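>>> Curious how this folds, go ahead:
(2 chains)
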2 protein chains.
Amino acid sequence: MTGAKMRMLALKFAYDGTKFDGFARQPKGKTVEGEIISALRAVGIGANPLSSSRTDKWVSARGNVLAIETDFPREKIIAALNGCLEHIWFYALADAPSRFKPRHAEWRKYRYYLQDDNFDLAKMKKCASILVGEHNFSALAKLEEGKNPMRKVMSLSVKKSGAFLEIDVKAQSFLWSMVRGIVGVLRAAGKGEINEENMRRILAGERRFDVGYAAPENLVLLEVRHKGLRFETDGNALKKMRREIDGETERIALRRKVIVALKIHR
Amino acid sequence: MTGAKMRMLALKFAYDGTKFDGFARQPKGKTVEGEIISALRAVGIGANPLSSSRTDKWVSARGNVLAIETDFPREKIIAALNGCLEHIWFYALADAPSRFKPRHAEWRKYRYYLQDDNFDLAKMKKCASILVGEHNFSALAKLEEGKNPMRKVMSLSVKKSGAFLEIDVKAQSFLWSMVRGIVGVLRAAGKGEINEENMRRILAGERRFDVGYAAPENLVLLEVRHKGLRFETDGNALKKMRREIDGETERIALRRKVIVALKIHR
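Below is the predicted model of the structure:
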């Protein structure tokens, strides 16, 4: 008891999912949640944090949201946490109502990067338009028992960007692996493996169109929006994050140089 | 004893050094040599292979050379070995004299990729020209006891290539970590941390100019040349190698997309 007032804070954070053995805390292995809990303890916050989204293993995030109730000085918490973390960056803060539940979001937006393998973009867009709206997504997700399989996709776009496709999908909430299931079915549509009729049967719950899940490492949780929260970004945190991401981008560019140099041109 | 004639073969191979715990066989860990020995055993060759260059941990190669004495069918050996290997590619073959020692090369050529950190290229080139020729490279290498520290650098070039510098160095042989030591001193020259006079003192053996070794993962052994060997490349092996390198290049490009997407633009 320090006498300082406990307050509910919402913190926005990003992470490079490929550096972790998943999101949710585990007894073994380095997880995003596990590292955040360690950082909270290291700075003297014992809180049990709640996150908006428990992303799949190897999925990255730009805009996940964490809720903690704490008396830690508001203006120091982001720098304190970032000082203890690697590949996870806290960068914005909002005051939240005392009963704030980060799982209850207004919407979430994911982006998937897909190598363009000569896909039929028109077929993919058609398929995407069928998925928009409220449907039973059982056949495109790993279903947890007792969970309502109905989800409402608010938007789903397929856009060409150089040698890649950017697939953006927005919904209030998603089932387990649902985004990767959607990308799997769009990919199958783009290759002409399934048609509109198949799509409708998939949404009617037919499981025999098993088109697989797209690989997790190309998926990013771009943003989670909560009604009423007004985030202020932290300039220093953004700087640190940019510097570290630029360093990683540089390492990737060098890695590309080396691997291309191994090719024999003859 | 199969009755088939034993012959000495020289095999050219490439590898992605970042996927291994070093080159030389070790009791523990996955090494380039260890994997090659396993592959030789798997196809039924018990030979103890000798390589031209034992590259530093995480260094890659495009043109290392292996010598084995074997009665294995000449035309099948590359496909057989490649079938057992990952991140290592055999792609050319030559008949070699029975006493062929791959360590005795006519020359070796390495390339280093350096992120251009606003280096003074003129200073680097000047420094490079001082290093060319026969010198005592003790101060720029990790010296093994009893080893002659004199080495003759046949050429050393610094070339701008986009956001990178390509540093190519050719010599008959190199001391342990010598290329990375040379890149370290060129980098220091490019930053203006050492001048020509310092350079001459480094070559006179003064160790107080400790400029460090450049990171190994950006170094590639491009080529090793042996007098009299005429290599024939294997078309199928090249195809397999190109396909796998293209796959890796694609993964790198996707990785870049994801990490850049994490950046907050505000």
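
>>> So which other helices or strands are in contact with the lowest-mean-pLDDT helix or strand in chain A?
Every helix and strand of chain A was ranked by mean pLDDT, DSSP states H and E. The lowest is helix A:196-203, at a mean of 88. With contacts defined as 3 or more CB pairs under 8 Å, 6 or more residues apart in numbering or on different chains; DSSP states H and E, helix A:196-203 has these neighbours: helix A:121-131, helix A:178-190. No exception for glycine: its C-beta is placed from N, CA and C like everyone else's.

>>> Out of these, flag the one nearest B:Glu86.
helix A:178-190 (25.8 Å; CB to CB).

>>> So what touches the closest one?
With contacts defined as CB atoms under 8 Å, 6 or more residues apart in numbering or on different chains, helix A:178-190 is touched by A:56, A:110, A:112, A:114, A:117, A:119-121, A:123-124, A:126-128, A:131, A:137, A:139-141, A:151, A:153, A:156, A:158, A:167, A:169, A:194-195, A:199, A:202, A:209, A:211-216, A:219.

>>> circling back to that earlier point, most tightly surrounded among the helices and strands packed on helix A:196-203?
helix A:178-190 (a mean of 25; mean count of other CB atoms under 10 Å in any protein chain shown).

>>> what angle sits between it and helix A:196-203?
Going by axes from the mean of the first three to the mean of the last three CA atoms, to 10 degrees, helix A:178-190 is angled at 160 degrees with respect to helix A:196-203.

>>> Can you tell me the centre-most residue of chain A?
A:Leu221 (2.4 Å; CA atoms, centre = their mean).

>>> What's the separation between the residue nearest to that residue when sequence neighbours are not counted and A:Leu219?
Excluding its sequence neighbours, the residue lying closest to A:Leu221 (CB to CB, 6 or more residues apart in numbering or on different chains) is A:Ala61, at 4.0 Å. The gap separating A:Ala61 from A:Leu219 is 9 Å, by CB to CB, to the nearest Å.

>>> tell me, what's touching those two both at once?
Counting by CB under 8 Å, 6+ apart, the residues touching both A:Ala61 and A:Leu219 are A:Thr55.

>>> and the top helix by length along chain A, what does it pack onto?
When chain A is parsed with DSSP state H, its longest helix is helix A:235-261. Counting contacts by 3+ CB pairs under 8 Å, 6+ apart, helix A:235-261 is packed against helix A:77-82, strand A:88-95, strand B:60-70, strand B:107-115, strand B:164-171, strand B:219-225, helix B:235-261.

>>> Show me how far it is from its chain's centre.
20 Å (CA atoms, centre = their mean, to the nearest Å).

>>> Between strand B:164-171 and that helix, find me the angle.
Going by the same axes, to 10 degrees, helix A:235-261 makes 40 degrees with strand B:164-171.

>>> Double-check that A:Glu33 belongs to a helix.
Yes. Using DSSP: H, G, I helix; E, B strand; the rest coil, the secondary structure at A:Glu33 is a helix.

>>> does it really touch A:Gly17, like I thought?
No. Using CB atoms under 8 Å, A:Glu33 is not in contact with A:Gly17; the gap is 12.0 Å.

>>> Show me whatever sits in contact with both of the two.
A:Phe23.

>>> one step back: now the helices and strands packed on helix A:196-203 in a markdown table, with mean pLDDT and distance to A:Thr233?
Shown next, in a markdown table, are those (pLDDT from 0 to 100; distance: least, CB to CB, whole Å):
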| stretch | mean pLDDT | distance to A:Thr233 |
| --- | --- | --- |
| helix A:121-131 | 96 | 32 |
| helix A:178-190 | 96 | 26 |
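
>>> Relative to A:Ile88, which of those is closest?
Nearest of the helices and strands packed on helix A:196-203 (CB to CB): helix A:178-190, 20.8 Å.

>>> could you list every residue that touches the residue of the stretch 1-150 of chain A found nearest chain B?
Nearest residue of the stretch 1-150 of chain A to chain B: A:Tyr113, at 4.4 Å (CB to the nearest CB). Shown in contact with A:Tyr113 (CB under 8 Å, 6+ apart): A:164-167, A:218-220, B:254, B:257-258, B:261.

>>> For chain A, give me the ranges with low pLDDT.
A:1-3, A:207-208, A:266 (pLDDT under 70).

>>> so what are the domain limits for it?
Recorded structural domains for chain A (assignment: automatic domain parsing) are A:7-104+A:234-261, A:107-221.

>>> Reformat those domains as JSON lines; add distance to B:Ile68.
As requested, the domains of chain A are exported to JSON lines (distance: least, CB to CB, whole Å):
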{"stretch": "domain A:7-104+A:234-261", "distance to B:Ile68": "26"}
{"stretch": "domain A:107-221", "distance to B:Ile68": "38"}
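
>>> Tell me, how many residues neighbour the nearest residue to A:Lys191 once chain neighbours are set aside?
Among residues not flanking A:Lys191 along the chain, A:Phe119 sits closest, at 6.5 Å (CB to CB, 6+ apart). Using other CB atoms under 10 Å in any protein chain shown, A:Phe119 has 20 neighbouring residues.

>>> Let me know whether A:Phe119 touches A:Ile167 as I believe.
No. Using CB under 8 Å, A:Phe119 is not in contact with A:Ile167, being 10.7 Å away.

>>> Am I right that the residue nearest to the centre of chain A is in contact with A:Gly63?
Yes. With contact defined as CB under 8 Å, A:Leu221 counts as touching A:Gly63 (6.5 Å).

>>> who touches both of those two?
Going by CB under 8 Å, 6+ apart, residues that sit against A:Leu221 and also against A:Gly63 are A:Lys109.

>>> What residues does the stretch 1-150 of chain A have near chain B?
The stretch 1-150 of chain A comes close to chain B at residues A:14-16, A:18, A:60-62, A:89, A:91, A:111, A:113, A:115, as judged by CB under 8 Å from any CB of the partner chain.

>>> ok so, going back, same list, the helices and strands packed on helix A:196-203, but as a markdown table with distance to B:Leu81 please.
Output for the helices and strands packed on helix A:196-203, formatted as a markdown table (distance: least, CB to CB, whole Å):
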| stretch | distance to B:Leu81 |
| --- | --- |
| helix A:121-131 | 41 |
| helix A:178-190 | 35 |
